[in-house]
Each structure stands twice: as C-alpha cells, then as structure tokens.
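Undergrad: sequence first, then the predicted structure:
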Amino acid sequence: MPAVSKGDGMRGLAVFISDIRNCKSKEAEIKRINKELANIRSKFKGDKALDGYSKKKYVCKLLFIFLLGHDIDFGHMEAVNLLSSNKYTEKQIGYLFISVLVNSNSELIRLINNAIKNDLSSRNPTFMCLALHCIANVGSREMAEAFASEIPRILVAGDTMDSVKQSAALCLLRLYKTSPDLVLMGEWTSRVVHLLNDQHMGVVTAAISLITCLSQKNPDEFKTCVSLAVSRLSRIVSSASTDLQDYTYYFVPAPWLSCKLLRLLQCYPPPEDGAVKGRLVECLETILNKAQEPPKSKKVQHSNAKNAILFEAISLIIHYDSEPNLLVRACNQLGQFLQHRETNLRYLALESMCTLASSEFSHEAVKTHIETVINALKTERDVSVRQRAADLLYAMCDRSNAKQIVAEMLSYLETADYSIREEMVLKVAILAEKYAVDYSWYVDTILNLIRIAGDYVSEEVWYRVIQIVINRDDVQGYAAKTVFEALQAPACHENMVKVGGYILGEFGNLIAGDPRSSPLVQFNLLHSKFHLCSVPTRALLLSAYIKFINLFPETKATIQEVLRCDSQIRNSDVELQQRAVEYLKLSSIASTDVLATVLEEMPPFPERESSILAKLKKKKGPGAVSVTELEDSKREGGELNGGGDRGPDTSAMSASNASTPSPSADLLGIRSSAPAGTAPASAGNLLVDVFSEAGPAAPSAAVNDDGFLRDLEQPTETSDSLLVEGSGDSEFVCKNNGVLFENQLLQIGIKSEYRQNLGRMYLFYGNKTSVQFASFTTSVSCPGELQSQLNVQTKQVEPLVEGGAQIQQVLNIECLTDFSDAPLLNIKFRYGGALQNLTLKLPVTINKFFQPTEMSSHDFFQRWKQLSQPQQEAQKIFKANHSMDTEVLKAKLLGLGTALLDNVDPNPENYVCAGVIQTKGQQVGCLLRLEPNAQAQMYRLTLRCSKDSVSRRLCELLAEQF
C-alpha cells in the first residue's frame with residue numbers, strides 16, 4: 001500500500017496532540033478538547049467547500065479525541081464523504097474513523113455500504129483492501145448480509161491480485177465467525193479449496209485459516225482439501241530454506257503455514273487413498289528427522305519455529321492413532337524434552353505424553369520414562385509442570401507399576417500445592433481401587449491418604465473404601481485391625497474417625513479376640529475422639545455405639561451410661577439428642593433377637609459405577625478423566641474392584657427401623673444414602689439433600705416441596721456455602737407466594753408479581769429463635785450465561801434481625817432474553833457467634849413472564865400449523881405424578897401465566913393454552929396442548945414456541961407439575 005509521505009503530515013493535528021500532552025491537569029485537557037471540538041464543529045457547519053485535506057485533518061482530530069475517552073457525536077458524515085475521495089490517505093482516514101466509531105445500527109450504514117461496494121468494484125487493489133479491512137473490522141451482521149455473497153467472488157476471481165485475495169480470505173473468515181448462517185460457500189467451495197495450490201504463499205496462508213474454520217463446521221464439503229494440504233505440506237517439508245526465501249523464518253521454511261496445514265489435517269481421519277497417506281507419513285517422518293538434526297541457529301526464534309512444527313506434527317500423529325512406528329518415535333522425541341532447560345517445552349512434552357499414554361501402540365513406550373516423570377514431580381519448580389507430571393503418572397499407570405506410582409503420588413502429596421491436592425487425592429484413590437489385586441494394600445493406601453491429606457479427602461473416597469470392605473469378606477478383618485491401629489495416633493483426622501467408627505461398628509468383632517483390641521478398648525478408643533468431632537461425625541459414632549451393644553453385649557452398661565449423660569440426651573443439636581434418646585430406649589426395651597435384626601450387618605452394595613471417577617470427570621480441569629477412561633476403567637478393573645457405589649446405608653448404621661429419618665444424608669451425585677450423620681467433609685451440614693433413591697423421606701427442615709434445594713452449613717469461619725441440586729416438585733412454577741425455605745432457625749417467605757418482562761419479588765426473613773441474628777447479609781448472583789439473560793437488582797437488608805422478628809427485602813427483576821437457570825440467593829448471618837451460610841435458588845422461571853393471549857379455535861390451529869418446524873416443538877409423554885382432578889389442572893395452567901382457551905380443542909378433555917413470553921429483546925409466542933388419559937394415568941404435553949430453547953425449557957418445567 002502507498003506510504004504516507006512527509007508532505008502529507010498534518011501539522012494542525014501534530015500541534016493539537018502536542019497541546020494535549022503539555023496539559024498540566026485533567027481540567028486543562030478537557031478545556032483544550034472542548035475548544036477544538038467547537039472549532040471543528042464550526043468548520044464543518046460553516047465552510048461548505050471544505051477541501052479533502054482539511055476534512056481528513058479534522059476527522060483525525062475527532063478520532064484522537066475519541067481514543068482519549070471522550071464522546072464524539074458529530075463528524076460521521078464528513079468521514080463518510082472521505083470514502084469517496086480518490087486520495088489514498090483521505091480514504092484511509094475515512095475507513096479508520098468508520099471502523100472505530102460507527103456502529104452497526106447507524107443511519108449512515110447504507111451510505112457506508114454503497115461506498116464500500118464502489119471500492120470493491122473499482123479494481124483498484126489498494127481501495128479494495130481498505131474496503132475489505134473495514135468490513136472485517138466492523139464485522140456486523142449487516143455487513144455480512146451486504147457482502148457475504150460478494151467476497152467469495154473476489155477471492156476466487158482469476159484477475160484478483162494476491163494482496164486482495166489475502167484480505168478477502170481473512171475478511172470472509174471474520175464474517176463466518178460472526179454470522180456463519182449468512183456465509184454460504186456453495187458453488188465457491190471447490191475453488192476456495194484449490195487456493196491451497198496458489199503460487200503465492202501469502203494467499204495459501206490466509207486461505208488455509210478460512211478452510212480450517214469451514215472444515216470444522218462442514219467437514220464433508222471440504223474433504224477434498226486433505227490431498228491438497230498433504231501435497232502442499234510435502235513441498236514445504238522437502239524444500240530447503242533457500243527455496244522459500246521470502247517465507248523462511250530463521251532457517252525454517254514457512255513455519256506458520258506448516259503448522260496451519262497440520263492443524264487442518266487434524267479435522268479429518270487418516271486419508272483413505274494409499275498414495276496420499278504414504279506421502280503424509282513420509283512428511284511426518286521428515287519432520288521428526290529434522291527435529292533430531294543439529295540446530296542451524298542458536299537463536300531462540302529458530303528453535304521455537306522448529307518445535308512448533310514438531311508439536312503440531314505429534315498432535316496429528318496422536319489424532320490418527322494408527323501408525324505404531326510414528327507413535328513410538330513421537331514418544332521418544334517427547335521424552336528428550338522432559339529434561340529440557342525450557343520450562344514450556346517440558347510442559348508441552350508432558351501434556352502430549354498424557355495423550356500418547358492412552359494409545360495401545362505407545363503406552364509401553366511412555367512407561368519407559370517413568371523415572372524421569374517421577375523426578376519432575378519431585379523437583380520441578382513450576383506448579384503447572386508438576387501437575388502435568390502427576391497427570392502423566394496417572395495416565396501411564398497399569399497393573400505393572402501401580403504400586404510404585406501410587407507410592408510416589410502419596411509421597412508428593414505431603415508437599416503438594418494446595419490447589420491440586422484434591423485432584424491428586426481423587427487420582428490416588430482411583431488408581432488404588434482400579435489396580436488393587438491385594439485389597440489389604442488398597443485399605444492401607446486409602447488410610448494413608450486420609451492421614452496425609454485428610455482435609456482433601458471427599459465423602460466419595462471414604463464412602464468407597466467402606467463399600468469395598470463391606471463387599472469383600474477377605475479384607476474385613478484386616479481393615480478393622482488397620483483402622484484400629486490408625487485411630488491410636490494422638491492426632492487423628494476426622495475422616496479417619498468416620499471410617500474407623502463405621503468399620504469397627506460393623507466388623508469390630510473380627511478383632512475382639514485380641515486383648516489389645518477388646519470390645520471395651522475399641523469403644524474407649526472411639527469415644528476418646530468423640531468430643532473433638534463435628535456433629536455429623538458424633539452422630540455416626542453414636543450409631544457405631546448402638547452397633548457395639550449388638551456385637552458385644554458386655555459393653556451395654558458402659559455405652560448406655562454414655563447415651564444417658566446430659567451432654568447427649570439434652571444436647572442442643574436435635575440430631576444428636578434424637579439419636580441418643582432413641583438408641584438408649586432401643587437398647588433398653590428391645591430383646592436380643594429384635595436388636596440383632598434391627599442392627600444386623602450391612603448387606604453388600606449393588607454393582608455401580610464409582611462416584612470417584614464421576615467426580616474427577618466433573619472437575620474438567622487439566623488431566624480430568626475422560627469418558628473413555630471411565631468406560632475403560634470399568635472394563636479393566638472389573639467394575640472397579642469393589643463393585644457398588646452407593647454411600648454406606650444410613651438405615652443399617654442408625655437403626656432406621658426404630659428411629660426417625662435423619663436430616664443429615666448423602667450429598668453424592670449418585671443419589672444414595674450415606675453413613676449416619678455424615679455430611680460433606682468440607683463442613684458439617686445441618687440441612688442437606690435427602691432426595692435420594694435409597695434414602696429415607698425428607699423431613700420438612702431439610703427440603704420444602706418447592707424443589708429448590710439448598711444447604712445450610714454448620715457454623716464455621718471458612719466454609720463456603722453449598723447449593724445442593726436435586727429433583728423435586730417445583731412448587732413455585734405455578735404460584736407466586738409461599739414459604740420458600742424453613743428450618744429451626746430461619747423461615748423465608750416469598751411474594752412476587754410480574755408484568756410483561758419486569759417482576760418484583762418480596763422476600764420475608766423471619767428469625768424463629770429468641771437470639772438475635774447479627775451481620776445479616778444477602779446477595780443475589782446470576783451464574784454463567786444468566787448474567788446476560790436476567791437483570792436482578794436488590795435492596796440491602798438490615799444487618800440485625802431480632803429474635804422473633806421479620807425483615808423484608810425487595811428484588812426488581814428484568815428478563816432480557818429467555819433463560820433456563822435460576823438466580824442464586826446467598827444468606828450469611830451469625831447465630832450465637834457462629835457463622836451460618838445458606839444458598840438457595842430463587843424461583844424465577846421463564847413462564848413468570850407470560851402474558852395470556854386469547855385466541856379463537858381457528859386462530860389457534862392456524863398458528864399451531866405455522867409453528868411446525870421440528871425444533872419449535874417439544875413433546876413429553878409421562879405418568880401422572882399428582883391427582884388428575886379437572887379443577888386442579890385448570891388452576892395450575894392458569895397459574896402458569898397463559899390463557900386457558902375453552903372450546904378450542906375438538907376433544908373436550910384436552911386443555912389448550914396460549915401466551916406470549918415478554919423479554920426485553922423479543923417476544924416469544926407459545927402454544928400449549930395437554931392431553932390427559934385418566935384410564936392410563938398418563939399425560940401427553942406438547943409445546944410449540946417461536947424459539948426452540950423456550951419450548952424445551954417449558955416442557956421440562958411443566959412435566960413436573962402434573
């Protein structure tokens with residue numbers, strides 16, 4: 001492009017910029033800018049015959065003022081006028097101003113589009129490039145609509161200059177990323193692909209970025225690019241650095257193009273054509289060979305370019321996973337980088353080897369580097385590299401090296417960074433379980449894990465060891481002996497006490513023959529830890545004590561004395577008090593046979609996928625286990641050596657036949673019941689989810705019928721609030737008022753009203769105790785995408801809530817667009833000096849913004865036919881969960897917010913509704929048809945909406961209501 005000569009320098013602009021820089025204060029700068037703006041405004045208004053140079057100068061000043069952070073509300077038309085100039089510098093400034101200041105909604109967009117069209121058809125390459133750059137910089141949907149069909153023609157035209165082709169390819173890429181539905185290649189596909197054969201390397205480099213993006217979305221349309229990409233890659237790889245002199249970077253020919261070609265090939269499976277595949281394998285071998293050659297330059301740019309191509313080639317080899325020779329060579333090449341002085345190379349090598357370890361061809365080759373990886377885990381200074389080393393050890397582990405790797409990971413855990421300890425604990429637990437042949441080793445490993453990193457051992461881990469011990473008769477005695485010895489340590493982690501209480505309560509009789517572990521010694525050992533534990537753990541120990549009475553009748557008097565003491569039967573915690581009273585009564589009045597039946601040994605758990613694997617998968621962090629690993633581990637480990645994975649059953653440990661359900665229950669994602677009194681290891685929870693498949697019915701203190709489940713933490717200074725997800729009736733979908741949450745401390749009532757896309761919610765916080773709530777704070781957050789979908793404004797509440805008093809909070813809600821998540825309400829307060837932390841979902845659902853719409857039968861079915869696209873309909877057939885009473889159904893449908901239309905459906909037993917969901921951005925029309933079958937106690941629910949996501953969400957919400 002033409003360079004701006006010295007003669008084109010704008011002296012007035014230079015003086016203005018100098019004046020701004022010399023201002024001593026912000027006020028002086030604003031004064032100088034306002035003076036200049038007034039001058040420019042007068043020039044634009046007064047002097048109708050302003051020449052191009054002056055327009056350019058003043059537009060430049062406006063642009064500079066805008067970049068300083070000041071608003072510009074004039075000068076746009078003058079910038080548009082510059083586009084019609086034949087001088088490059090004037091046109092350039094016009095396009096620059098438009099790219100920065102003109103938005104897609106501007107009234108001038110039509111004039112701008114006309115100017116761009118004129119430049120695109122001018123055949124002047126400089127002007128065409130300026131126009132293409134402007135389209136790409138603005139990148140709006142309006143630009144795509146105007147030029148998406150024109151740019152491909154310019155790109156493939158035979159008389160288009162190379163510089164314009166480069167700009168056209170990148171401009172088209174930009175439009176495709178912003179509006180993929182408008183950029184349709186169609187007839188241009190084959191001609192765009194053949195740009196890979198272009199003589200100009202710059203055109204090929206630009207075109208391959210476009211082709212790669214298009215191939216990811218439409219691989220079949222562009223599959224012909226594979227052979228052309230291989231051909232071009234072969235020419236680059238086999239060329240000397242002097243052959244591509246203009247595109248050689250520090251003795252490496254066309255490194256950027258090589259990387260892009262290799263990345264494009266990763267969008268496709270290995271070539272089916274033998275000749276093409278052979279040529280590609282030859283290219284990859286050449287790249288691996290060149291990586292072994294002595295460097296041609298000592299400069300870092302040379303090694304960076306060379307290694308970039310190498311790592312991209314290795315990624316392609318891993319992607320194909322079909323060439324054993326190449327996979328082993330790639331592994332050996334990466335092994336050389338494991339001790340490289342460059343940290344980045346060590347990191348990349350470890351990361352790539354993690355993937356290689358999953359291939360059957362290269363797994364053994366990866367294992368040969370185990371000592372180097374272990375050394376990296378111990379000595380690396382960079383935590384991210386150490387984490388990759390841990391991931392690689394996890395990936396390369398098999399039965400032959402499991403004990404060595406687990407031992408090294410346990411050793412590293414003692415000094416590991418806090419940020420990765422939880423993930424390390426999960427991986428050690430998975431490997432110990434997956435490759436355990438000797439179950440005594442497994443028990444030793446998990447207990448050692450609890451000893452070293454007890455704070456990071458989640459429920460899933462210690463639940464799992466209990467499940468495996470219960471399912472394996474041959475390890476029960478060893479587990480009881482080992483956990484008994486572990487509990488004798490002066491400082492014992494609470495998770496160890498949980499495991500010890502559970503296992504000794506079940507299998508303490510297996511070691512009771514030894515005087516050193518007699519029943520009374522076992523009981524005294526457990527009870528010595530009692531006063532140091534949290535409420536959930538104490539509850540579990542009480543359940544272990546009642547088990548002891550069944551296993552060892554001689555301990556009955558001692559244990560009854562403990563249960564009878566005031567600290568138990570008059571405990572301030574209702575859960576402990578209830579257990580103590582019920583267990584004391586059970587042990588006093590029940591006969592030996594009844595006691596043995598109620599407190600019989602836990603049955604084996606059913607076979608089920610390990611929740612530890614599921615938890616590691618959910619972390620989705622670096623090194624997280626993949627779905628394929630989950631399946632492999634199930635096959636290889638025989639359903640993970642221990643079988644089932646529901647949490648240890650509360651009923652057996654807590655004598656469920658005699659006691660009421662506990663409000664403490666399982667928080668595992670597998671929806672099972674948990675050991676008595678257990679809760680998440682991170683904090684003792686007073687209120688948790690009891691909606692589990694195997695668990696007892698939920699007490700009202702834990703979960704209301706609204707299905708918005710939540711969790712109240714036990715007082716702790718550092719615990720975070722935990723939101724418990726679960727299934728349940730969403731009570732507030734069809735009503736706006738009621739009790740949202742209630743427990744022994746706090747009651748939260750709700751009253752809400754909605755009009756169009758706006759809503760107002762009143763929350764009433766009631767203190768049910770006689771003690772003051774201090775530091776009472778609330779906050780509402782919208783997680784993830786909900787921030788851009790819902791706007792919630794809150795008013796602060798009073799920080800003190802007196803005993804028996806109630807305070808009110810008002811929330812203003814604005815629906816910006818359709819949504820599926822719910823905002824989260826977090827409440828923190830101090831009760832008796834202890835911090836309480838509660839998080840729950842607010843019942844704000846998309847149907848709250850319904851406006852009812854009355855329609856005739858003809859209009860309803862005409863509109864029904866118009867909404868006939870498959871994605872606009874959501875349908876569900878389900879069994880009735882509630883009474884099929886006609887009046888109840890009508891009340892729920894009206895409560896939904898729609899208009900219930902009478903005499904519309906030919907079948908009088910069916911219900912049809914119509915409404916419009918009002919959001920700030922758009923209106924979504926919705927039609928509903930509910931067809932009950934009273935005889936089969938079934939429903940068919942059909943929704944048709946003008947937006948598919950709304951259809952699906954409403955169908956999910958409503959299916960729970962009937």
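TA: Nice, I can see it. Numbering: from 1, shown residues only.
Undergrad: what distance do you get for G784 to A822?
TA: 11 Å (C-beta to C-beta, to the nearest Å). Any C-beta I mention is one placed from the backbone N, CA and C, and that applies to glycine too.
Undergrad: looking at the two, which one has more neighbours?
TA: Using other C-beta atoms under 10 Å as the criterion, G784 and A822 rank with A822 on top: 18 against 8.
Undergrad: give me the phi and psi for the closest residue to that one other than its chain neighbours.
TA: Leaving aside its sequence neighbours, A822 sits nearest to K841 (C-beta to C-beta, 6 or more residues apart in numbering; 4.2 Å). Main-chain dihedrals, K841, degrees, to the nearest 10: phi -80, psi 130.
Undergrad: what about K841, how many neighbours?
TA: K841 has 20 nearby residues by other C-beta under 10 Å.
Undergrad: so it sits right up against L824, yeah?
TA: Yes - counting by C-beta atoms under 8 Å, L824 is a contact partner of K841 at 6.2 Å.
Undergrad: now do the nearest residue to E931 once chain neighbours are set aside: how many residues are near it, please.
TA: Nearest non-adjacent residue to E931, counting by C-beta to C-beta, 6+ apart: R940, 4.4 Å away. Using other C-beta under 10 Å, the number of residues around R940 comes to 14.
Undergrad: now do P799
TA: When neighbours are counted by other C-beta under 10 Å, P799 comes out with 12.
Undergrad: just the pLDDT at it, thanks.
TA: If you check P799, the pLDDT there is 85.
Undergrad: ok, it to T777 distance?
TA: P799 is 7 Å from T777, by C-beta to C-beta.
Undergrad: same question, N197
TA: In terms of C-beta to C-beta, N197 sits 66 Å off from T777.
Undergrad: lowest confidence element among the helices and strands of the protein?
TA: Ranked by mean pLDDT, DSSP states H and E, the helix or strand of the chain with the weakest confidence is strand 685-687, at a mean of 27.
Undergrad: run through the stretch 101-250 of the chain and note the low-pLDDT ranges.
TA: For the stretch 101-250 of the chain, applying pLDDT under 70 flags the ranges 104-106, 241-243.
Undergrad: what segments of it are strands?
TA: For the stretch 101-250 of the chain, strands defined by DSSP state E, counting those that start in this stretch occupy the ranges 248-249.
Undergrad: kindly report the same for the stretch 701-850 of the chain.
TA: Under DSSP E, counting those that start in this stretch, the stretch 701-850 of the chain gives strands at 711-713, 737-742, 746-755, 758-767, 773-781, 790-794, 806-815, 824-831, 834-841, 850-852.
Undergrad: so which residues make contact with the fourth one?
TA: Okay, so that is strand 758-767. 740, 745-754, 773, 776, 778, 797, 801-815, 825, 827, 842, 844, 848-849 (C-beta atoms under 8 Å, 6 or more residues apart in numbering).
Undergrad: before we move on, what about the third one?
TA: Residues external to strand 746-755 that are found in contact with it (C-beta under 8 Å, 6+ apart): 732, 736-742, 759-768, 773, 813, 827, 836, 838, 840, 843, 848-849, 897.
Undergrad: if you set the cut-off to 6 Å instead, what comes out?
TA: 736-737, 739-741, 760-766, 768, 848 (C-beta atoms under 6 Å, 6 or more residues apart in numbering).
Undergrad: partner strands of it, parallel or antiparallel?
TA: Applying DSSP bridges, strand 746-755 is found paired with strand 737-742 (antiparallel), strand 758-767 (antiparallel).
Undergrad: what angle do strand 834-841 and it make with each other?
TA: Strand 746-755 and strand 834-841 are oriented at 30 degrees to each other (axes from the mean of the first three to the mean of the last three C-alpha atoms, to 10 degrees).
Undergrad: please apply the same query to the second one.
TA: Here the directions of strand 737-742 and strand 834-841 differ by 140 degrees (the same axes, to 10 degrees).
Undergrad: what mean pLDDT does strand 737-742 get?
TA: pLDDT averaged over strand 737-742 gives 86.
Undergrad: and for stretch 463-482?
TA: Averaging pLDDT residue by residue across stretch 463-482 gives 89.
Undergrad: got the contact list for the helix or strand hosting S951?
TA: S951 is part of helix 948-959 when elements are defined by DSSP states H and E. Contact with helix 948-959 is made by 733, 818, 820, 845-846, 871-872, 874, 876, 878, 924, 941, 943, 945, as judged by C-beta under 6 Å, 6+ apart.
Undergrad: quick one: buried ones out of those residues?
TA: V733, D818, T845, I846, Q872, A874, V924, L941, L943, C945 (16 or more other C-beta atoms under 10 Å).
Undergrad: coming back round to it: which of the contacts of helix 948-959 fall within helices?
TA: Applying DSSP state H to these, no entry is found in helices.
Undergrad: now, which of the residues you listed sits nearest G75?
TA: D818 (39.1 Å; C-beta to C-beta).
Undergrad: give the contact list for that closest one.
TA: I846, S949, V950.
Undergrad: could you redo the last one with a cut-off of 7 Å?
TA: D818 makes contacts with I846, I917, T919, V924, K947, S949, V950, as judged by C-beta atoms under 7 Å, 6 or more residues apart in numbering.
Undergrad: can you pick the most crowded of those?
TA: I917 (26 neighbours).
Undergrad: tilt between whichever helix or strand that residue is part of and strand 746-755?
TA: Per DSSP H and E: I917 is located in strand 911-918. Orientation check (the same axes, to 10 degrees): strand 911-918 against strand 746-755 gives 90 degrees.
Undergrad: within its sheet, name the partner strands of strand 911-918 and how each one runs.
TA: strand 850-852 (antiparallel), strand 899-901 (antiparallel), strand 923-933 (antiparallel).
Undergrad: and it with strand 806-815, angle?
TA: Using the same axes, to 10 degrees: strand 911-918 against strand 806-815 is 90 degrees.
Undergrad: wait, V156 sits on V192?
TA: Yes - under the criterion of C-beta atoms under 7 Å, V156 makes contact with V192 at 6.3 Å.
Undergrad: so what's R232 up against?
TA: With contact set as C-beta under 7 Å, 6+ apart, R232 has these partners: L196, V204, L261.
Undergrad: contacting residues around the first one?
TA: By C-beta under 7 Å, 6+ apart, the contact set of L196 is V204, A207, I208, C225, L228, A229, R232.
Undergrad: pLDDT score for A275?
TA: 92.
Undergrad: same check, this time on I452
TA: 88.
Undergrad: what do you get for A376?
TA: At A376, the pLDDT recorded in the model is 89.
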